[in-house]
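> curious how this folds, go ahead:
(chains A, B, C and D)
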Number of protein chains: 2
Amino acid sequence: MVPDNRRRALLDAAAKFFGRRGFAGTSIRDISAEVGMLPGSMYYHFSSKEALLLAVHEEGVHHIEESVRRALAKSSGNPWQRLEEACVAHLEALLGGNEYVQVVTPQFTRLLPADLSKQLVVQRDSYESLFATLVDAVELPRGVNRRLLRLTLLGSLNWTLIWYRKGGDSPAQIAQEIVRLFRVRLDEGSDGI
Amino acid sequence: MVPDNRRRALLDAAAKFFGRRGFAGTSIRDISAEVGMLPGSMYYHFSSKEALLLAVHEEGVHHIEESVRRALAKSSGNPWQRLEEACVAHLEALLGGNEYVQVVTPQFTRLLPADLSKQLVVQRDSYESLFATLVDAVELPRGVNRRLLRLTLLGSLNWTLIWYRKGGDSPAQIAQEIVRLFRVRLDEGSDGI
DNA sequence: CCTACCGATCGGTAGG
DNA sequence: CCTACCGATCGGTAGG
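Numbering: from 1, shown residues only, chains lettered A, B, ... in the order given. Down below sits the predicted model:
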């Protein structure tokens, strides 16, 4: 029965500002004012600005990872279908409106001080290896660079954060179309065409 | 015979810091110290921190655009070949070590104040429409979303900034492999297979 | 370009 | 969580 609504509110506000203005571009005063708190009071809930970001990032990773794990738990398809379902879940989490996920991208991390950046990478680690496992399971024709496929597929999905606007195709449709862009021919390797 | 070495040095230092730490994460003092100048002296060369960024960004866009235009001027291939050559030139400019180009990406722009962000988008405008023209010229099978292809291809290329390290495949090889990932099957539409 | 400086804002803290 | 405050740093300027 602990009323950590204040902590929750701080996290929400931090996610919003960090995602839109970046870490350096956001002040403790921005965040605390958003929740009607005085700047110093934030330090009752978090030990530092960096600790706040770590908490936001962890929750963002968790949100995406759970979305994908749920999708995979329901899936019984072949490797290509599982990969596609994972991509759909990934994009639904990424574009679904959750503010925390905006902070879960290497482009965001790259601008941070090295030590802070490393801690975020650790938080993403298990999710990224999950994704690698899915790509590894897929059959490919000889000569296709599996690592490049993984990086390019993930990059294409994450890049939607830049251009996606509500009102057009749904995140799920976009993910399916993107996977199809890669899959169609590559998939033939396993069909023997 | 104007010795604008100092202006040049400021631009170089700004490109370096903006690219690595972001706009908000870089101070005038970082930049001026890098070139052995006092903070106030920068304002003799540029009217504001924003003006400095605008100049860096403009040069970054110019660098990429010229690389692509040169490649296209030499090219006499079909639309797919021209698109591939443009992608190669794009990636060679992006990964070739020029510090200015790190600032030429929507992910960087997204964190900026809206009015500044808009000015950068204007600077990128002509280059992006050049790229759109190339994608428009390519033959595609029915059902392939041309806009999505363009966004995904460009996203894949730009995403290499995240993971590219010297020592592996060259930027040109990576660009060719990425285009092939998209092209192989899509291209068949025009071959009637 | 330097000197010398401005007011504003920064992340963070002591004490309650 | 607020009060009250700290030293450091910020973008920028006047005057030369």
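> got the buried residues for the one helix or strand residue A:66 maps to?
Secondary structure from DSSP states H and E places residue A:66 in helix A:49-74. With burial defined by 16 or more other Cβ atoms under 10 Å in any protein chain shown, the residues of helix A:49-74 counted as buried are A:49, A:52-61, A:63-65, A:67-68, A:71-72. C-beta here means a position set from N, CA and C on the backbone, and glycine is covered the same way.
> tell me the buried residues in whichever strand or helix holds residue A:18?
Per DSSP H and E, residue A:18 falls inside helix A:5-21. Residues of helix A:5-21 classed as buried by neighbour count (16+ other Cβ under 10 Å): A:7, A:9-19, A:21.
> for stretch A:92-104, measure first residue to last.
Start-to-end span of stretch A:92-104 (Cα to Cα, to the nearest Å) is 14 Å.
> hmm, who's touching that stretch?
The contact list for stretch A:92-104 (Cβ atoms under 8 Å, 6 or more residues apart in numbering or on different chains) reads A:11-12, A:15-16, A:18-20, A:53, A:56-57, A:59-61, A:63-64, A:67-68, A:108, A:124, A:157-158, A:160-161, A:164, A:171-172, A:174-175.
> got the residues of chain A near DNA strand C?
A:26-30, A:39-40, A:43, A:47-50 (Cβ under 7 Å from any atom of the strand).
> which SS class is residue A:29?
Taken by DSSP: H, G, I helix; E, B strand; the rest coil, the conformation at residue A:29 corresponds to helix.
> give me the nearest residue to it, chain neighbours excluded.
Residue nearest to residue A:29 in three dimensions, not counting chain neighbours: residue A:39, with 4.9 Å by Cβ to Cβ, 6 or more residues apart in numbering or on different chains.
> neighbours around that neighbour, how many?
By other Cβ atoms under 10 Å in any protein chain shown, the residues close to residue A:39 number 13.
> what does chain A have sitting close to chain B?
A:20-25, A:105-108, A:110-111, A:144-145, A:148-149, A:151-152, A:154-156, A:158-160, A:162-163, A:169, A:174, A:177-178, A:181-182, A:184-186, A:188 (Cβ under 8 Å from any Cβ of the partner chain).
> please, a PyMOL command that selects the buried ones among the residues of chain A next to DNA strand C?
One line in PyMOL is enough to select the buried ones among those; burial here means 16+ other Cβ under 10 Å:
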select buried, chain A and resi 26+28+30+49
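> widest-spaced pair of the residues of chain A next to DNA strand C?
Using Cβ to Cβ, the two most remote members of the residues of chain A next to DNA strand C are A:30 and A:47, lying 18.5 Å apart.
> distance between the one helix or strand residue A:161 maps to and the chain's centre?
Using DSSP H and E, residue A:161 sits within helix A:146-163. In terms of Cα atoms, centre = their mean, to the nearest Å, the centre of helix A:146-163 is found 12 Å from the chain centre.
> ok, and the closest non-adjacent residue to residue A:82?
In space, residue A:82 is closest to residue A:75, 5.2 Å off (Cβ to Cβ, 6+ apart).
> tell me the contacts of the one you found?
A:81-82, A:85.
> rounded mean pLDDT for stretch A:106-122, please.
Stretch A:106-122 carries an average pLDDT of 96.
> pull out the buried members of the contacts of residue A:75.
For these, a burial check counting by 16+ other Cβ under 10 Å picks out A:82, A:85.
> quick one: pLDDT of the residue of chain A found nearest DNA strand C?
Per Cβ to the nearest atom of the strand, residue A:40 is where chain A lies closest to DNA strand C, at 2.4 Å. Residue A:40 carries a pLDDT value of 94.
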